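Trainee: Provided below are the primary sequence and the corresponding predicted coordinates.
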Amino acid sequence: MTLNSAPMTTSAAPAATEAAARPVIEIKGVAKTYRTRDGDVPSLRPLDFTINDGEFVVVVGPSGCGKSTLLKMVAGLLPPSEGEIHIEGRVVTRPQRNVGIVFQSPLLLPWRSVLDNVMMPVEVKKLPRKEYGLRAMALLKMVGLIGFEKKYPWQLSGGMQQRAAICRALVHDPKIVLLDEPFGALDAMTRERMNVELQRIHRETGKTALLITHSIPEAVFLADRILVMTERPGAIAAVYDVPLKRPRTIDMMADPVFVALTQTVRKHFNVEGEIH
Amino acid sequence: MGGTESTRAGRSLTWLRPLVFLVLLVVVWDLAIRVFRIPPYQVPAPEDVVITLWREWPMLLREAWPTTVATLWGFFLSAAFGIPVAMLIAGSKTVESYIYPLLVFSQSIPKIAIAPLLVVWFGFGMLPKVLSAFMLGFFPVVVSAVQGFKSVEPDMMDLVRSMEASRWQIFRMVSLPHALPAIFSGLKISITLAVVGAVVGEFVGSNSGIGFLLQRSIGNFELPTMFAALIVLAMIGVILFWLLDVVERMAIPWHASQRQDLIIAA
Ligand SMILES: Nc1ncnc2c1ncn2[C@@H]1O[C@H](COP(=O)(O)OP(=O)(O)OP(=O)(O)O)[C@@H](O)[C@H]1O
Ligand SMILES: [Mg+2]
């Protein structure tokens, strides 16, 4: 696969944590308070965190603690109330060229074929169609959607649609991929398969990834580091390194280290739950 | 393909069923006249209407023409103004707060009451008819299109914004196609109301068109002519609606209501 030798950037960073710890996303004292008609909704307490090149960070936390808010601020879709976010050293004030996003629902446009959906960012950014068309096809091949590129989204299963959405997030070869509960709507079996697949995509492309999930096993399976958040207004409760070797397999979910870590994270959750 | 066969059979059934029902209604109509001895100056017999329809066909067609033209102009104006106004309303909270309440308020004014005023202002020609058709056809386009433009998921908006899309790109690639099904359902209501508007315009002041014919034939107690005119009017409405349906199929083949065709085509 030639996904790394793609048109412009050379994101040939080795996938795992051993990469020279070069910060890509720096969150500096970022807080968010939504101003609404019914008053202010403090959603995120001042937060400091750094994500390094090629790292896979997973955020877990109770519902409504501000995870999506954090992700949208990193994407430049929402201005922080306090603090600054830096991507590759530059302050984020608007949507970024080198970011791709995957949401919980695939959000494919029903009037576009799968390939045309994947090509959306290329069209919007007016990148050369030919080169990126090849890249789109390579991505579709990587996620096993070859033969479906001419189909329409509603002719695909939920898992296939989400894989197409992942291709769309990667097609312009962004340095950073943000995923907000990308597999939340899938059944448990499909979800496990998608986790294995996402890990593979991450290894093959060397992207920096920030993923939000409600599933603790999913977090442990995918993450280099897990960021646990408190109840709203969210703050960092703890950060855990995941010492498991890559590539990880589904069988490793029975590994004592894996089990112990899920339990540590879960306990954390229970404690958080009792606070309120 | 087997699928094609069965849908073709299904299609002819969709034509056949209302036709059978129509024949049934005509039979009931005929029987009612005979049984209750309804005099022909109150309700004409079906065969008289058919005979008039046959004999007066050239005249009916001639009168149908100005009505159709007025309807189409009124409809096109409704679309040409309704869709941009909806875009403004959906695109800006400020515009919405100024315009929308007034627009809703204006709908509670009976347009039939305004029609004579149009004649006072614009005379007996085509213009008052067109404006009358426009007045009736405009509102449904706006309401449906606003709803269509506004119903884009917030996450979808975030997604395209994250691609650094400009406002124009968002509109062209997401909002407009997304709103098309709603716009088309508004246009379908609009075109049927535009027919009504054109006829109302002809009622109050015109010397041509189906509306004028309806009024004249009632005045002269020519009930078969009047019924024939009504049938022609219904035909105008049905044909225009059907044409719009064809355009819709071509414009939004991906929409759930049209997908059956696409699957067979693929
Ligand atoms: N546009 C908004 N206006 C006002 N308040 C908002 C807005 N969006 C989110 N909030 C509030 O901010 C808080 C955090 O929301 P956010 O969507 O970030 O939570 P989350 O951690 O992603 O939750 P979940 O796990 O359920 O997706 C919530 O309490 C929510 O009510
Ligand atoms: Mg969320």
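Mentor: Received it, and whenever you're ready, just let me know what you need. Note that this is a predicted model, so its numbers are computed, not measured. Residues are numbered from 1 along each chain as shown, chains lettered A, B, ... in the order given. Ligands and ions are numbered 1, 2, ... in the order given.
Trainee: who touches the residue in the stretch 151-276 of chain A positioned nearest to chain B in this structure?
Mentor: When scored by Cβ to the nearest Cβ, the stretch 151-276 of chain A has residue A:152 as its residue closest to chain B, at 6.2 Å. Where C-beta positions appear, they are placed from N, C-alpha and C, glycine not excepted. Counting by Cβ atoms under 8 Å, 6 or more residues apart in numbering or on different chains, residue A:152 touches A:110, A:112, A:113, A:114, B:254, B:262.
Trainee: Can you give me the separation between residue A:270 and residue A:235?
Mentor: Distance, residue A:270 to residue A:235, using Cβ to Cβ, to the nearest Å: 18 Å.
Trainee: burial measure for residue A:139, as a count.
Mentor: Residue A:139 has 26 neighbouring residues, counting by other Cβ atoms under 10 Å in any protein chain shown.
Trainee: Equivalent analysis for residue B:137, please.
Mentor: Neighbours of residue B:137 (other Cβ under 10 Å): 30.
Trainee: Could you tell me the model confidence score at it?
Mentor: pLDDT for residue B:137: 94.
Trainee: hang on, it packs against residue B:191?
Mentor: Yes - the pair residue B:137 and residue B:191 passes the contact test of Cβ atoms under 8 Å, sitting 6.9 Å apart.
Trainee: quick one, phi/psi of residue B:236?
Mentor: phi -60, psi -50 (degrees, to the nearest 10).
Trainee: Correct me if wrong: it contacts residue B:69.
Mentor: No - when contacts are counted by Cβ under 8 Å, residue B:236 is not listed as touching residue B:69 (10.6 Å).
Trainee: higher neighbour count, these two?
Mentor: Remark: of residue B:236 and residue B:69, residue B:236 carries more neighbours, 21 against 16, as counted by other Cβ under 10 Å.
Trainee: Tell me who's in contact with residue B:221.
Mentor: residue B:41.
Trainee: typo on my end, it should be residue B:211
Mentor: Residue B:211 touches B:67, B:198, B:199, B:200, B:201, B:202, B:203, counting by Cβ under 8 Å, 6+ apart.
Trainee: Looking at those residues, which is nearest residue A:247?
Mentor: Distance to residue A:247, by Cβ to Cβ, is smallest for residue B:198 among the contacts of residue B:211, at 70.9 Å.
Trainee: hey, where'd the helices end up in the chain?
Mentor: Assuming you mean chain A. A:67-74, A:114-118, A:120-124, A:129-142, A:158-170, A:188-205, A:216-222, A:256-275 (DSSP state H).
Trainee: that's the wrong chain, I meant chain B
Mentor: Counting by DSSP H, the helices of chain B are B:2-36, B:46-55, B:57-91, B:93-107, B:111-122, B:126-150, B:154-162, B:167-170, B:176-204, B:210-219, B:223-251, B:259-265.
Trainee: what number of residues lie near the nearest residue to residue A:149 once chain neighbours are set aside?
Mentor: Counting by Cβ to Cβ, 6 or more residues apart in numbering or on different chains, residue A:115 is the residue found nearest to residue A:149 once chain neighbours are left out, at 3.9 Å. Close neighbours of residue A:115, defined as other Cβ under 10 Å, add up to 18.
Trainee: so residue A:115 makes contact with residue A:139?
Mentor: No - here residue A:115 does not reach residue A:139: they are 10.2 Å apart, not a contact under Cβ under 8 Å.
Trainee: Tell me the residues of the stretch 1-150 of chain A that contact chain B?
Mentor: Residues of the stretch 1-150 of chain A lying close to chain B (Cβ under 8 Å from any Cβ of the partner chain) are A:72, A:75-77, A:94-97, A:99-101, A:103-105, A:107, A:109-111, A:120-121, A:123-125.
Trainee: make it 7 Å
Mentor: Within the stretch 1-150 of chain A, the positions near chain B by Cβ under 7 Å from any Cβ of the partner chain are A:72, A:75, A:77, A:95, A:97, A:99, A:101, A:103, A:105, A:107, A:109-111, A:120-121, A:124-125.
Trainee: Can I have the buried ones of those as a ChimeraX selection?
Mentor: The ChimeraX command for the buried members of those (criterion: 16 or more other Cβ atoms under 10 Å in any protein chain shown) is given here:
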select /A:72,75,77,95,99,101,103,105,107,109,110,111,120,121,124
